[in-house]
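Asker: Please work out how this folds:
(chains A and B)
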Amino acid sequence: MLTKLAGASVYDPVQGWAGEIRDLYFRDGRVAADPGPDAAIDEVHDLSGHILMAGAIDIHSHIAGGNVNTARVLLPEQHRNSMARWLNPPGLTPSMGFAPSGPALRSPLAPAGLGRTAEWSSADIGHRYARMGYTTVVEPAVLPANALDAHLQMADIPIVDTAGLAILGSDDFLLGLLRGKAGQAQVNDYVAWTLRATRCLGLKVINAGGAAAFKWNVRQFDLDDVVPYYGVSSRQILQTLQRAVCELGIPHPVHVHCNNLGVPGNVETAVATMEAAQGLPMHLAHVQFYGYGKEGAKGFSSGAARLMEAFHRHPNITMDVGQVLFGQTVTVSGDVIAQYDRHGDASPGKWAVWEAECDGAGGVVPYRYRERSFVNTLQWAVGLEIFLLAEDPWRLFFTTDHPNGAPFTAYPELIRLLMDADYRASVMARLDQEALALTLLPHLRREFSLHDIAVMTRAAAARLLGLEDRGHLCPGAIADVAVYRPQADRRAMFADAAWVWKGGRLVVREGAVVDRPAGSALTIEPCYDRRIERDVKAYFDRFYSLSLDHFTVGGVAFEREDAERFRSIRAA
Amino acid sequence: MTALSFTLKSPLRQRLDASPLVPDRLLGKSPKEIATLDLQYGNRRIAAADLFDIAGDDAESVRISGSPKLDFAGRGMTRGSLIIDGDAGAYVGMHMKGGRLCVSGSAGLYAACELKGGIVEICGNAGDLLGSALPGNKKGMSEGVVIVRGDAGDRVGDHMRRGSILIEGNAGMYLGARMTAGTIAVRGRIGACAGYAMKRGTLLVYGSPVSIGATFNDCGLHTLGFLPLLLKGYQGLNTCFSETRACRSRVRRLVGDLSVQGKGEILLVA
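Answerer: Got it, this is the predicted structure:
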């Protein structure tokens, strides 16, 4: 079946299209070349006056896994309040017994279309992403012990394709290898085995060694601090894993959550981590949380300029921002040191930290970012400074570290802040002026273009993840297409796409989900020496409460074959 | 003036949210307005007159015929009296601030949860989580009195903050778990793990035998002068705790839960 999307203004940075009026064709779920004037076209959509881009890709959003479920369990009032809002539209007698009260994640009213989904359920995640024109989302923190849970949840997310990044760096097996002075080849095998066993797309390192050190009562852990008992420094762990990723030829560079998250003066940690990359590719996640200096009367200031100066000196580094936006959210992280450190700020006042099978740890702390707060205003401004100071949109990515900086549903607001300097100024007028005075933000008048947005959220994101079949509209690409109605208010424009196609199927029409095909999980299947399996099995048999067979991921596809569910990007 | 009564025409087939049927919301409404009041019934809305025969005119005094599917009865009421003739479902008396609520049968889960005032009387048994906090909330019952003539389920007074729960029968496991303050008295026996993670507050237990966790410190037998004063406060409530025998007793005092540096007490009546 051949479909023609006629007359839209197309943004595809890979082909250098920046708003040209073009026709796009797709056949059997893939973008097709112009079939010529005689071809029989089965379906034509007139998109004149609309803006067309490839489906967006979110490289860092916590959509599944142990932490996310813990957060859901910790905050049952989210669901209760959303039920109450749904059952009690204005004018009707309040029902369900629950008046909407207390904090709520930012949420517009129930979406129309395919019926209502429970708020913050996996179905809801898929629907809301699709409505914004997103078609691929990466869960960046899959703890191997939780991999099966994460994959089950991701398989339950409709429409969007998903992928996970497996966490290593605080697990007993790896640290044991390093303590025993194991060779790089053995570490490589273990990394490759882990990625295969957990069916992930890349490797994540969270505060390397921090979760292990936490168990020895370490509460501050820097790049050159040594993990007690194992005698290896955070830097050694990070560099060993980075080398493993490079040597295995995994397209996505090691995805690093640095040490000292959220600590004043931590911009130096981020810069030191860039230096530690030694010119090899490395991705630094949610750098806004590392853009802090310790100047000023309160000992907390913006380090964005320093961070970006270092970023521009290191072309091997890529970063995503992790923008903070105001409102209620919940922070979830595998960085147990950072999460424990901020548990006193929990709002509402409840929190949880946990440790799993000597594999890693994590914590959940609900938090409300407030406009009147000095600290929160500074965080907000630092994130925007990073965006606006970046010279190369191909190396800087658009995230809020959902849900840590803000829920992903706030992306349209962030796009508006980036594309509209006057709107930015009007928001700034409401904020803490003392904090803004410590930043460059009031002087930055740059506005992002639609082309920049297409680079950050499509073309560059696909390239960073090694996904050759998406993020662009060249013939052969997956027919993931998002079409927006141009509006002066960019927030409204990007909140509800006019049309979205996923793999050639129309899934969203005028902001409502009309179809929900199941997505795929993208994996990489690197090769390794089979002897590592024997070592890991012996280790599991000796120390773990689970057998190795329970640990590895299989059979998560819900009514589909695993072969349909999982797509290795190597094979593609 | 006779009590405004809602008599079920036929047994409920779905769960009914009865929270609009309280004196606060009914006062000043004409019979026609009351008949057309729309109620959440399962997944749809239904007019009150379609479910109930409505009679009487005194909205300060409301009677509803009971059903185990009748949820949220008396939610948030601040005045008057509400009588459930028969059983009540879940969340009876939730967020109630004043007035008197009486269930002549048994009540389901979360009865009197997050109670803020008034008197709730349950003549039969109460389900789990009597007088507790809603899931995810940190503050349970914070004022008022709950009387249970029969037995209560598990986790009575979970996260309780203030007020009194008087149980004339037995209570289940985790009695007064995570209590911050308040008083729970049980005439009968109690289940395991009483006072789990309690910070302050008093559990007064008459029945035996009782197994108390290792994180409670035995402080010995005492004749506490305050006990008769406490029980005297319950005199107007017509419970067994006002009997002379109940007041004249020595108690064994256990303090805890020490695992949360708690200063609460379990008083076992000798």
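
Asker: What lies in contact with the host helix or strand of A:P412?
Answerer: Assigned by DSSP states H and E, A:P412 falls within helix A:411-419. Contact with helix A:411-419 is made by A:132, A:323, A:325, A:384, A:387-388, A:398, A:400, A:406, A:423-424, A:427, A:447-450, A:452-453, A:489-495, as judged by CB atoms under 8 Å, 6 or more residues apart in numbering or on different chains. The C-beta positions use only the backbone N, C-alpha and C, and glycine is treated the same way.

Asker: go with 6 Å
Answerer: A:Q323, A:L325, A:F387, A:Y423, A:R424, A:E447, A:F448, A:R490, A:R491, A:F494, A:A495 (CB atoms under 6 Å, 6 or more residues apart in numbering or on different chains).

Asker: Pull that helix out as PDB, backbone CA atoms only.
Answerer: This file holds the C-alpha atoms of helix A:411-419, laid out as PDB (Å, rounded to 0.1, in the frame of the first residue of the first chain):
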ATOM      1  CA  TYR A 411       8.200  19.000  26.600                       C
ATOM      2  CA  PRO A 412       5.900  21.400  24.700                       C
ATOM      3  CA  GLU A 413       6.500  24.000  27.300                       C
ATOM      4  CA  LEU A 414      10.200  23.600  27.000                       C
ATOM      5  CA  ILE A 415      10.100  23.900  23.200                       C
ATOM      6  CA  ARG A 416       8.200  27.200  23.600                       C
ATOM      7  CA  LEU A 417      10.800  28.400  26.100                       C
ATOM      8  CA  LEU A 418      13.500  27.700  23.600                       C
ATOM      9  CA  MET A 419      11.800  29.000  20.500                       C
END
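
Asker: Any chance you could list what contacts the helix or strand following it?
Answerer: Once the chain leaves helix A:411-419, the next helix or strand it forms, by DSSP H and E, is helix A:421-428. Defining contact as CB under 6 Å, 6+ apart, one finds that helix A:421-428 is touched by A:R416, A:L417, A:L436, A:R445, A:E447.

Asker: Next secondary structure element downstream of the worst-scoring helix or strand of chain A on mean pLDDT?
Answerer: Among the secondary structure pieces of chain A, namely its helices and strands, helix A:76-87 has the lowest mean (mean pLDDT, DSSP states H and E), a mean of 79. The helix or strand immediately downstream of helix A:76-87 is helix A:122-131, counting by DSSP H and E.

Asker: Buried ones in that next one, by neighbour count?
Answerer: For helix A:122-131, the neighbour count (16 or more other CB atoms under 10 Å in any protein chain shown) marks A:S122, A:A123, A:D124, A:I125, A:G126, A:H127, A:R128, A:Y129, A:A130, A:R131 as buried.

Asker: Let me see the confidence value for the last one.
Answerer: You'll see A:R131 listed with a pLDDT of 94.

Asker: mind listing what it touches?
Answerer: A:R131 makes contact with A:D496, A:V508, A:G511, according to CB under 6 Å, 6+ apart.

Asker: now swap in the first one and tell me
Answerer: Contacts here follow CB under 6 Å, 6+ apart; on that basis A:S122 touches A:Q153, A:D156, A:I157.

Asker: Between the contacts of A:R131, identify the one with the most neighbours.
Answerer: Among the contacts of A:R131, A:V508 has the most neighbours (other CB atoms under 10 Å in any protein chain shown), with 28 neighbours.

Asker: Could I get the phi/psi values of the residue nearest the centre of chain A?
Answerer: Here the mean C-alpha position of chain A is nearest to the C-alpha of A:H60 (CA atoms, centre = their mean), at a distance of 1.3 Å. In terms of degrees, to the nearest 10, the main-chain angles of A:H60 are phi -150, psi 90.

Asker: Let me see the contact set for it.
Answerer: A:P140, A:A285, A:D320, A:T399.

Asker: same check, this time on A:D480
Answerer: With contact set as CB under 6 Å, 6+ apart, A:D480 has these partners: A:G55, A:T135, A:R470, A:K502.

Asker: Just give the nearest non-adjacent residue to A:N266, would you?
Answerer: Of all residues beyond its chain neighbours, the one nearest A:N266 is A:N260 (4.1 Å), with distances taken as CB to CB, 6 or more residues apart in numbering or on different chains.

Asker: right, and the one you found touches A:T269 too?
Answerer: Yes. Counting by CB atoms under 6 Å, a contact exists between A:N260 and A:T269, whose distance comes to 4.5 Å.
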